[in-house]
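Engineer: Quick one, structure for this:
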Amino acid sequence: MSTAKKFAGQTALYGLSTIASRTLSFFLTPIYTSTLSGGSYGVLTIMFSYVSILNAVMAFGMETTFFRYLNKYADKARQVYNNTFAVIFAITILFVMVTFPFAGHIAELIRSGDKISVQEYATYIRLFVGVLVVDAWCVIPFAKLRADGRPARYGMIKFVNIAVFITLNLTFLLILPWWTAHHMAGTAFIDQWFVKGWVGYIFLSNLVASIVSFIQLLPEVLKLSADFDKPMLKEMFSYSWPVLIANLSFLVNENLDKLLLSKMLPQNISVREVGIYGACAKISIFLSIFVQAFRLGAEPFFFNHAKNKNAGQTYARIMDYFVIVVAIIFVALVANIEILKYFVRNRSFWVGLNVVPPLVFGYVCLGIYMNLSVWYKLSDQTRYGLYISGIGAILTIILNVVFIPKYSYMASAWISLAAYATMMVLSYLWGQKNYPIPYNLKKNLVYIIISIILVYLSFTVFHRNIFIGNGLLILFGLGALYTERNELKAILKK
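Structural biologist: Just a heads-up that it's a prediction; the model follows:
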């Protein structure tokens with residue numbers, strides 16, 4: 001039990017900064033939707049979708065590989081660090097060489113609508129190439145902080161990053177427009193270069209924040225050397241490239257739907273539809289934050305405890321409480337959707353609120369899948385991650401292509417759920433065959449099914465009534481507390 005408590009502590013420490021940063025970013029959504037047009041917000045959504053996918057390519061699965069090989073070759077920690085960073089550095093340099101000079105041509109390929117010029121899109125692309133490269137250089141130094149058990153430093157760097165990002169956003173989107181509108185000192189100078197409502201300022205803010213993070217990580221970066229282990233490097237590639245494909249599949253499910261929406265819907269509505277979908281999807285961010293926080297704590301913890309005698313029982317116990325927490329968050333978000341929708345300031349976007357329940361439940365499935373995926377990472381069978389994620393990606397692509405023209409973003413929301421649920425089931429079935437872990441399947445299914453029923457009642461039967469929804473939430477919470485009372489007593493005693 002103490003091991004499970006230790007895991008909870010690590011997840012809280014390393015996840016707290018992510019929760020804070022993602023929550024603060026969430027509060028930018030009302031500013032974006034009120035200061036940007038529907039078309040500009042759609043461009044923002046599309047660009048971040050491309051960047052999210054490319055971030056995984058830049059990292060090449062080396063974050064997970066770093067933790068695995070620290071556990072596997074504890075006496076070669078320096079070489080593990082040097083090897084993983086060197087791979088990412090080489091990939092980023094190659095990426096700059098093949099993208100930056102051809103930004104204009106790339107812009108012609110991805111541009112949606114006629115209102116934004118190719119030259120402006122090319123500017124966005126160059127800014128994001130910079131973001132991708134600098135963020136990739138930070139991946140392994142951040143992983144080193146987690147491996148070294150330095151949550152305070154990790155959290156501080158993340159916090160400064162989001163503080164810089166938010167400050168610059170507020171400056172460009174709110175402060176400078178107010179300043180110039182009231183003809184304050186320096187207005188004449190500001191008017192020479194400032195463009196009100198230009199979405200590029202958000203991209204520029206992201207780049208500056210990323211550079212600040214890299215500067216803060218220089219003490220870790222300066223510990224790098226040319227001390228490589230070439231045989232280990234070859235072995236790392238065999239381990240990491242299936243992890244890369246698995247990560248890409250997750251990002252395909254997260255972002256490809258938005259890109260397909262922008263391409264497959266009529267040009268006169270595509271950007272706005274993407275904006276509606278992207279804005280309403282932000283409501284599901286709270287469960288996404290918890291899943292991300294769990295991943296940050298889970299990877300180093302699972303690898304560190306893989307050799308323990310009772311590791312399987314520990315992983316199963318963690319799954320029990322993970323399912324309970326995500327099920328409660330699922331019910332809570334939907335029960336309070338009538339409050340959360342006000343973070344989407346553009347009321348015309350509220351037409352897309354129906355995407356929230358399937359998207360949130362998709363994150364429930366994704367979180368369970370991330371928990372389950374421990375089996376192929378610990379047993380060095382990462383090819384199964386490739387198989388599972390490949391199936392999820394194929395489902396996402398084919399079903400979106402088939403159903404988007406008729407059902408628009410509602411199709412994308414349900415397809416995202418279907419892909420994550422399929423990956424979750426496949427991981428469980430293959431995992432029990434190749435690396436059995438004694439999960440309490442019946443108990444976990446009961447919590448999941450009850451949460452689905454309560455969400456259906458709250459959202460559909462009672463038409464999002466906040467009082468009834470929260471009443472159902474309280475009953476669910478009390479029921480879980482009563483059911484788990486003996487386990488909780490044991491934890492509190494220790």
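Engineer: For stretch 307-319, list every residue counted as buried.
Structural biologist: Neighbour counts using 16 or more other CB atoms under 10 Å place A311, G312, T314, Y315, A316, R317, I318, M319 of stretch 307-319 among the buried residues. Every C-beta, even on glycine, is put in place using the N, C-alpha and C of the backbone.
Engineer: What residues does the second one make contact with?
Structural biologist: Right, G312. Counting by CB atoms under 8 Å, 6 or more residues apart in numbering, G312 makes contact with P436, I437, P438.
Engineer: now swap in the fifth one and tell me
Structural biologist: Contacts were defined as CB under 8 Å, 6+ apart; by that measure A316 touches I437, P438, Y439, N440.
Engineer: Buried among those? Need that as a selection in PyMOL.
Structural biologist: Entered in PyMOL, the line below selects the buried ones among these, by 16+ other CB under 10 Å:
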select buried, resi 437+439
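Engineer: out of the contacts of A316, which are inside strands?
Structural biologist: Among the contacts of A316, no residue falls in strands (DSSP state E).
Engineer: farthest pair in the contacts of A316?
Structural biologist: Comparing every pair within the contacts of A316 by CB to CB identifies I437 and N440 as the most remote, at 10.5 Å.
Engineer: coming back round to it: check the contacts of G312 against A163 and report the nearest one.
Structural biologist: Distances from A163 to these, taken by CB to CB, are shortest for I437, at 40.0 Å.
Engineer: Only C-alpha atoms, please: export stretch 399-413 in CSV.
Structural biologist: Output in CSV follows, covering the C-alpha atoms of stretch 399-413 (Å, rounded to 0.1, in the frame of the first residue of the first chain):
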residue,chain,number,x,y,z
LEU,A,399,-14.2,6.7,-40.3
ASN,A,400,-13.5,10.4,-40.4
VAL,A,401,-13.2,10.3,-44.2
VAL,A,402,-16.4,8.4,-44.5
PHE,A,403,-18.6,10.4,-41.9
ILE,A,404,-17.2,14.0,-41.8
PRO,A,405,-19.0,15.1,-45.0
LYS,A,406,-22.4,14.1,-43.6
TYR,A,407,-22.0,14.6,-39.8
SER,A,408,-19.2,17.2,-39.5
TYR,A,409,-17.5,17.5,-36.1
MET,A,410,-20.0,15.3,-34.3
ALA,A,411,-18.6,12.4,-36.3
SER,A,412,-15.1,13.3,-35.3
ALA,A,413,-16.0,13.3,-31.6
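Engineer: got a list of contacts for that stretch?
Structural biologist: The contact list for stretch 399-413 (CB under 8 Å, 6+ apart) reads 256-258, 260-261, 264-265, 273-274, 276-277, 281, 352, 354-355, 358-359, 362, 415, 418.
Engineer: Run the chain-centre distance for that stretch.
Structural biologist: Relative to its parent chain, stretch 399-413 has a centroid offset of 22 Å by CA atoms, centre = their mean, to the nearest Å.
Engineer: and if you look at stretch 426-437?
Structural biologist: The chain centroid and the centroid of stretch 426-437 are separated by 25 Å under CA atoms, centre = their mean.
Engineer: got the buried residues for it?
Structural biologist: Within stretch 426-437, judged by 16+ other CB under 10 Å, the buried ones are L426, S427, Y428, W430, G431, Y435, I437.
Engineer: just checking, the fifth one touches V425?
Structural biologist: Looking back up the chat, that one is G431. No. The criterion here is CB atoms under 8 Å, and G431 misses it with V425 at 10.6 Å.
Engineer: what's the closest non-adjacent residue to F290?
Structural biologist: Distances taken as CB to CB, 6 or more residues apart in numbering put I329 closest to F290, at 6.1 Å, once the chain neighbours are dropped.
Engineer: ignore the last one, S416
Structural biologist: G362 (4.8 Å).
Engineer: The contacts of stretch 399-413 in helices, which ones?
Structural biologist: When DSSP state H is applied, these are split such that 257-258, 260-261, 264, 273-274, 276-277, 281, 358-359, 362, 415, 418 fall in helices.
Engineer: now, which of these sits nearest S52?
Structural biologist: Nearest to S52 out of those is K258 (CB to CB; 9.8 Å).
Engineer: Which residues are in contact with the closest one?
Structural biologist: K258 makes contacts with T45, I46, S49, V274, Y277, G278, S412, as judged by CB under 8 Å, 6+ apart.
Engineer: follow-up on the earlier one: what two of the buried residues of stretch 426-437 are the furthest from one another?
Structural biologist: L426 and I437 (15.2 Å).
Engineer: Where does pLDDT dip in the protein?
Structural biologist: Residues of the chain meeting the criterion pLDDT under 70: 1-26, 37-42, 49, 111-116, 491-494.
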